[in-house]
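Asker: next one to model:
(chains A and B)
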Protein chains: 2
Amino acid sequence: MHALNETHDPALTSWVDSANAAGTDFPIQNLPFAVFRRAGSDEPFRGGVAIGDRIVDLGAAASAGVFEGSAAHAAQAAAGDTLNALMALGPAAWSALRLALSRALRVGSGREAALGPLLVAQADAEYAVPARIGDYTDFYTSVHHATNIGRQFRPDNPLLPNYKWVPIGYHGRSSSIAVSGQRFPRPIGQTMLPGESAPALRPSRRLDYELELGIFVGTGNASGEPIAIEGAESHVFGVCLLNDWSARDIQAWEYQPLGPFLSKNFATTISPWIVTLEALAPYRVAFERPEGDPQPLPYLDSPANRAHGAIDLQLEVVLETERMRQSGAVGFSLARTSYRHAYWTIAQMVAHHTVNGCNLQPGDLFGSGTLSGPTLDQAGALIELTVGGKQPIALPDGETRTFVEDGDTVELRGWCEAPGAARIGFGACRGTVLPARG
Amino acid sequence: MHALNETHDPALTSWVDSANAAGTDFPIQNLPFAVFRRAGSDEPFRGGVAIGDRIVDLGAAASAGVFEGSAAHAAQAAAGDTLNALMALGPAAWSALRLALSRALRVGSGREAALGPLLVAQADAEYAVPARIGDYTDFYTSVHHATNIGRQFRPDNPLLPNYKWVPIGYHGRSSSIAVSGQRFPRPIGQTMLPGESAPALRPSRRLDYELELGIFVGTGNASGEPIAIEGAESHVFGVCLLNDWSARDIQAWEYQPLGPFLSKNFATTISPWIVTLEALAPYRVAFERPEGDPQPLPYLDSPANRAHGAIDLQLEVVLETERMRQSGAVGFSLARTSYRHAYWTIAQMVAHHTVNGCNLQPGDLFGSGTLSGPTLDQAGALIELTVGGKQPIALPDGETRTFVEDGDTVELRGWCEAPGAARIGFGACRGTVLPARG
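Answerer: Below you'll find the model as predicted:
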């Protein structure tokens, strides 16, 4: 875990006034990374850091001489259209850049004249997937989700015997990952309805979201050389929000014996901003196993992981229907939970993924798996909230939902708060389902 | 399917003498693509085409003015360190380049003086993975493999009800794919031995190979826009050999409910040469379903797929142990089969993969899944040949094998022959297992 340092000081304020506003996701203690350009322009996409409602253009700032030494080198590495080069530099470079940004953006830094003109309003920006994602791995780290959904797919056998030993994961699709704002047609696929003796090709009737975190790998490892849990977090660049859209009816028919495929790979939405692990340091909490559960095998265990392997990161899912948009209503909150309830930590994911010699590369993405909390109102997917579609959710204005309908927008939100620390947020992760192609 | 044309004429001979030798994998009718450089040099990797025991350096040939028009453009696109740009150009460009190469390399072409000095000996070359593989998808297209291995993992339920309807696939790991010559330590992972009540971390004791084809996507599709089966093959660049190394004991413990993960992602070996679908045209055969099996759903069916969706591509697995190497013995043939026995065709894989709107990109790779034939001696993995490790295979000189041992090299071979057509081959796909890391 990163030690707390001057960049976390909750008393810091910025000369960018909007960064000091109550409730902003992007105070000076956050400083998350994205890839952006002015919306609708033909400017190149490039790396930036959020401050209040503005973006620091890292390449432009580096060229203007705002940074020195390894911070300048790191900012220059972020000037391209992906953050892979910055991710590959490693945690010392990321920290140097964070510290330099924190100092330059503080009230009284003397950098306002140089940096101010280089800021871009977030309202004017559009974003790209922030890294060239070589491989995307989706984990399954919520025991509550595994139990809830296992009950739907395997009523007699919800939680499989390996769950409490193995940080279950599988490979997902990189090509269909897009940033917040993604709009995609309802997927079509083979499904078999109750009473049918043969499948048919048709639009999914059980389209769902999954509330997840995305975890970007920074530095990788060579093939055959595992990353030990003790140093695992130093390989992680940061965290975003991730919606692992899932077609439950396609999944139920296709997933045996090799796992989900077309039920997942049509779309995955991530928030554009990556919050670094260093920014998350004030919100780390102990990783605890329920009484009576097996202790992790040694390669998945360390004193640091036990002491503060988890993160108390608040998460919320908000549904915005077409009717709500037309009536000007705000979205409806479907669930709230915290990432602290995950059964496996980020360090455990890294150590497990590489223990067989598998090589990670800068820009690789992990999904946490659906982050359901211990009670049903904390569930991270509709299939859990509606008990497999059997108990519809009542929305305002007489609407109900069992699964996601055409025109629905699902927004994921995330933020951290702790005593003696600033509140930081992740920005929005929004995706919208369009009607199936005719 | 590509129509037969002058490039397939079995009577063609080349001024590169070795291309006319009986038994060569690379006669003038083949012309497969790879990415190569002189071994041990610091030359850039670049695209090349095999002819006999030589390689045509495509960028150098283009610069020397050997090609014209779209063939020149295609050759220039292959000058970089991956073939993605060539793959993205599409089938008309690939065919133009093939035709130009065929004409330039024929006896009497008049191009010998210009091209001859640009040829590199394969004996002096090393190869790289020929494309930047955005996503790797492994299918499961052999019903014989699915039945054989299903019997090991699910004795009561070997072939699942979806198998004859769904071309089952799942996403695999791109980062650990390497070309022939790959050497990797035996993977370590969680396994549970008979009689144990808890898993332990240890080297795999049931390490296996899987005989597969690799299928490289050429042109992709936009998200949300499926590729219909009728045009599916025009999106496919070509085919290589693929060994999907698998740790069966890790797999058995981890694979429920989301599929194989660490049991597969430590290493995948492909042959460096990609044989184009056009080169495979003479060996196409009818795609037939066994009497009584369901017909494919309409999106997986077309007259062309029925008429010649399959490929009669001969495959062989050869094992070379440390003792064989020391005694100078040739490798031992473990199995032979043909790709014609696959239950799902390449066109069906493409149509299925995209029917939900999933986008493919140039350079994406499909694995066919283990290609076991109808009889047990045609099985493409040791777990089948040894009936789950219970019936050891006798090798020469008193050796036996149930699974792959340290020092073993597994070589996959592939070739096509047909009446009225040349014999073409794939070159070797070799990988070697080293001892587990201490």
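Asker: and the helix ranked longest in chain A, what does it pack against?
Answerer: If you go by DSSP state H, chain A has its longest helix at helix A:91-105. Other helices and strands packing on helix A:91-105, by 3 or more CB pairs under 8 Å, 6 or more residues apart in numbering or on different chains; DSSP states H and E, are strand A:46-51, helix A:69-77, helix A:84-89. No exception for glycine: its C-beta is placed from N, CA and C like everyone else's.
Asker: how much does the first one deviate in direction from helix A:69-77?
Answerer: Right, strand A:46-51. 120 degrees (axes from the mean of the first three to the mean of the last three CA atoms, to 10 degrees).
Asker: what's strand A:46-51 packed up against?
Answerer: So strand A:46-51, by 3+ CB pairs under 8 Å, 6+ apart, packs with strand A:33-38, strand A:54-57, helix A:58-63, helix A:91-105.
Asker: likewise the longest one?
Answerer: Contacts defined by 3+ CB pairs under 8 Å, 6+ apart place helix A:69-77 against helix A:58-63, helix A:84-89, helix A:91-105.
Asker: can you put those helices in a markdown table and add mean pLDDT and distance to residue B:260?
Answerer: Formatted as a markdown table, the helices and strands packed on helix A:69-77 follow (pLDDT from 0 to 100; distance: least, CB to CB, whole Å):
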| stretch | mean pLDDT | distance to residue B:260 |
| --- | --- | --- |
| helix A:58-63 | 97 | 39 |
| helix A:84-89 | 98 | 27 |
| helix A:91-105 | 98 | 32 |
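Asker: just send these back as JSON lines, with mean neighbour count too.
Answerer: Formatted as JSON lines, these follow (neighbours: other CB atoms under 10 Å in any protein chain shown):
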{"stretch": "helix A:58-63", "mean neighbour count": "21"}
{"stretch": "helix A:84-89", "mean neighbour count": "22"}
{"stretch": "helix A:91-105", "mean neighbour count": "21"}
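Asker: nearest to residue B:299, of those helices?
Answerer: The closest of the helices and strands packed on helix A:69-77 to residue B:299 is helix A:84-89. By CB to CB, the value is 36.7 Å.
Asker: may I have that closest one exported as CSV, CA atoms only?
Answerer: Output of helix A:84-89 as CSV, limited to C-alpha atoms (Å, rounded to 0.1, in the frame of the first residue of the first chain):
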residue,chain,number,x,y,z
ASN,A,84,0.4,2.4,-21.9
ALA,A,85,3.8,4.1,-21.9
LEU,A,86,3.1,5.9,-18.6
MET,A,87,1.8,2.7,-17.1
ALA,A,88,5.0,0.9,-18.1
LEU,A,89,7.1,3.4,-16.2
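Asker: where exactly do the helices run in chain A?
Answerer: Counting by DSSP H, the helices of chain A are A:58-63, A:69-77, A:84-89, A:91-105, A:112-115, A:143-153, A:248-254, A:303-308, A:322-327, A:346-354, A:382-385.
Asker: got a markdown table for those helices, with distance to residue A:133 too?
Answerer: Formatted as a markdown table, the helices of chain A follow (distance: least, CB to CB, whole Å):
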| stretch | distance to residue A:133 |
| --- | --- |
| helix A:58-63 | 20 |
| helix A:69-77 | 18 |
| helix A:84-89 | 9 |
| helix A:91-105 | 18 |
| helix A:112-115 | 30 |
| helix A:143-153 | 23 |
| helix A:248-254 | 22 |
| helix A:303-308 | 26 |
| helix A:322-327 | 31 |
| helix A:346-354 | 15 |
| helix A:382-385 | 26 |
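Asker: right, and these - which one's nearest residue B:26?
Answerer: Comparing these by CB to CB, helix A:84-89 comes nearest, at 36.3 Å.
Asker: mind checking if that closest one is in reach of chain B?
Answerer: No. Figure legend: helix A:84-89 not in contact with chain B (CB under 8 Å from any CB of the partner chain); closest approach 12.5 Å.
Asker: from the contact counts, what lies against that helix?
Answerer: helix A:69-77, helix A:91-105.
Asker: what parts of the stretch 301-438 of chain A come near chain B?
Answerer: A:352, A:353, A:355, A:356, A:357, A:358, A:359, A:360, A:361, A:364, A:437.
Asker: circling back to that earlier point, okay if I get the helices and strands packed on helix A:84-89 as TSV plus distance to residue B:181?
Answerer: Formatted as TSV, the helices and strands packed on helix A:84-89 follow (distance: least, CB to CB, whole Å):
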stretch	distance to residue B:181
helix A:69-77	32
helix A:91-105	34
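Asker: show me the contacts for residue A:230.
Answerer: Each residue near residue A:230 by CB atoms under 8 Å, 6 or more residues apart in numbering or on different chains is listed here: A:302, A:304.
Asker: quick check: domain ranges of chain A?
Answerer: Residue ranges for the domains of chain A, per automatic domain parsing: A:6-128, A:136-434.
Asker: any part of the worst-scoring helix or strand of chain A on mean pLDDT near chain B?
Answerer: Using mean pLDDT, DSSP states H and E, helix A:143-153 stands out as the lowest-scoring helix or strand of chain A, at a mean of 89. Yes. Under the criterion of CB under 8 Å from any CB, chain B is reached by helix A:143-153 at A:150, A:153.
Asker: give me the contacts around that helix.
Answerer: For helix A:143-153, the external contacting residues (CB under 8 Å, 6+ apart) are A:140, A:157-160, A:163-164, A:168, A:248, A:252, A:255, A:341, A:343, A:369-374, A:376, A:378-381, A:383-384, A:388, B:257.
Asker: I'd assumed residue B:297 was in contact with residue A:200.
Answerer: Yes. At 7.3 Å, residue A:200 and residue B:297 qualify as touching, with contact defined as CB atoms under 8 Å.
Asker: give the residues shared as contacts by the two.
Answerer: What both residue A:200 and residue B:297 touch, as defined by CB under 8 Å, 6+ apart, is the set residue A:190.
Asker: when these two are compared, which one has more neighbours?
Answerer: residue B:297 (18 against 13; other CB atoms under 10 Å in any protein chain shown).
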